[in-house]
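Student: Need coordinates for the following:
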Amino acid sequence: MIQNALLKILTEAKKPIFNKPEDLFIEIKNAYHQVIKLHVPPSPLVPSLYLSELTGAEVWLKLESLNPTGSFKVRGALNALKKFIQVNSDIPHHQLKVCAASAGNHAQGVAFAAKTLGVQAHIFLPTTAPIVKKQATESLGAKVYSTGNSLEEAFVAAQNFAEKEKAHLLHAYNDFDVILGQATCSYEAIMQWNNELEDKQKINELFPYETYESPDIFLCSLGGGGLAAGCSVFLDLLGSKKPHMIGVQQEYYNSAIVSRQQQQQLPSPEPNYTIADGIAVRMIGNLNFNYLEKYVDELDSVNDDWISQAILMLCEKEHIVTEGAGAAAVACLLKNPRKFRGKKVIACVSGGNIDPELLTRTIARGLSLKGRLLRFSACVKDRPGQLLKLLKVLAELECNVLDLIHDRTYSEVNAGYVEIELCVETKNKLHQDHLMASLKEQEFFPRIRH
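Tutor: Reported below is the predicted structural model:
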């Protein structure tokens, strides 16, 4: 159940009305050149040879994971706080207060923006938030409060603080100034695509960009919808050159997909665990829903297995560390590579804040799914030399043993036998099948463990 205080924020946010597209374009351009670019270096737009070969497309990665604080969130936070300061220009910056509720990237984005612009930041984290994220937020100068067992409860605490202390409560995604800040991600990507990031004169002259080149497809992750809404708002200004925009959700948190199907703003089903915690959002905002319906051409979803493989691929092939939410767009490419054949694609890697232990487990899961790790048990006679015989089979097939458990006491095998459980490195699924067949042929009675 989404609490009433949060539900109100998610359903009643307002947006300004722009009579002409040119006015919206100017807002985005100014947000980029007068705010974002002054404090955040452009995130790289780099070609991916591996993904291009896999898909038969020309794939480029927009590495928002390399932004300060490790995600795209800093864009929206900086723009929204700059607007807040401008509205309250009669009050010294150091007396202004901003607060937010977040379990991750939004917290760090707001803390960074507040420190950069000289505003007090008060961040409310649920008690379940990882200690590493609390420490990262505190290191940016924010006052951090651990309260409540869920993000919803932390949000209520933040809202109470805002009312009591006359602080500005900044929502993570259902806020127009935040959405406008996230729009600078696609704005910057298109400028990089055309090698014109510094050419302000040409930027001013070329609205609505009919003469600009653009990719065929733009992919980004989608949780609450701030990044997807912002990117799509700008990309729509490209007119006939507008890319096909795809928002990618985690399968358990598919509020945007459900809302589109039912033509009304709806939450996803009851929460479930996912490694993509950054997009584990129960319900998109009303502003985000309206923008997605108008400008996002397609919605897709991926499960944690595809996300695990994307994290592994980015780490191994592209030397990029990313979090689960940040890898969702790439996971979509891996899930259906033929869909993108012959296209020019930008996939946004939206964040890189991942706990080292989770990264280790996720990489191991990705290796298993790719057929490069195998855990299995085998039975050997309880006599000298039998274990050596088993290991020789593995050596002959070039399987590297990572772990081995020799169990004669608690296993379910018959007396006179010993169960050996092993974890081995393999080349691929075919290699694993060959190993299993060889072990069966030599009567080691192998069983794959999951």
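
Student: quick one, strands of this structure?
Tutor: 45-47, 58-63, 97-101, 120-125, 143-146, 168-169, 217-221, 244-250, 298-302, 344-349, 373-381, 400-407, 417-425, 447-448 (DSSP state E).

Student: Highest mean neighbour count out of those?
Tutor: Most buried of the strands of the chain, by mean neighbour count (mean count of other C-beta atoms under 10 Å): strand 217-221, with a mean of 29. No exception for glycine: its C-beta is placed from N, CA and C like everyone else's.

Student: Look at the residue nearest to S146 when sequence neighbours are not counted and say how many residues are nearby.
Tutor: With sequence-adjacent residues excluded and distances taken as C-beta to C-beta, 6 or more residues apart in numbering, S146 is closest to T127, at 5.0 Å. Using other C-beta atoms under 10 Å, T127 is surrounded by 12 other residues.

Student: who's in contact with T127?
Tutor: 146-149 (C-beta atoms under 8 Å, 6 or more residues apart in numbering).

Student: do the same with P16
Tutor: F176.

Student: any idea how far it lies from R375?
Tutor: With distances taken as C-beta to C-beta, to the nearest Å, P16 is found 56 Å from R375.

Student: try G230
Tutor: Separation of G230 from R375 (C-beta to C-beta) stands at 43 Å.

Student: before we move on, what about V296?
Tutor: 41 Å.

Student: buried subset of the contacts of T127?
Tutor: 147-148 (16 or more other C-beta atoms under 10 Å).

Student: Could I have the CA atoms of stretch 85-92 written out in CSV?
Tutor: Coordinates of each C-alpha in stretch 85-92 appear next as CSV, following Å, rounded to 0.1, in the frame of the first residue of the first chain:
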residue,chain,number,x,y,z
ILE,A,85,17.5,29.3,-5.2
GLN,A,86,16.3,31.7,-8.0
VAL,A,87,12.7,31.7,-6.6
ASN,A,88,14.1,32.5,-3.1
SER,A,89,16.8,35.0,-4.2
ASP,A,90,16.0,37.3,-1.2
ILE,A,91,17.2,34.6,1.2
PRO,A,92,21.0,33.8,1.6
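
Student: in that stretch, what's buried?
Tutor: I85.

Student: Quick check: mean pLDDT of it?
Tutor: Mean per-residue pLDDT for stretch 85-92: 92.

Student: Can you tell me what sits against it?
Tutor: With C-beta under 8 Å, 6+ apart, stretch 85-92 has contacts from 93, 96, 117, 119.

Student: For it, what is the distance to the chain centroid?
Tutor: 34 Å (C-alpha atoms, centre = their mean, to the nearest Å).

Student: circling back to that earlier point, out of the contacts of T127, who's nearest K317?
Tutor: For the contacts of T127, the residue nearest K317 by C-beta to C-beta is S146; the value is 38.0 Å.

Student: which residues does that closest one bridge with?
Tutor: For S146, the beta-bridge partners under DSSP bridges are L125.

Student: measure it to Y273 for me?
Tutor: Distance from S146 to Y273, by C-beta to C-beta: 21 Å.

Student: Same check on H93?
Tutor: Taking C-beta to C-beta, one finds H93 at 41 Å from Y273.

Student: In terms of neighbours, single out the busier of the two.
Tutor: The residue with more neighbours, out of H93 and Y273, is H93; 14 against 8, by other C-beta under 10 Å.
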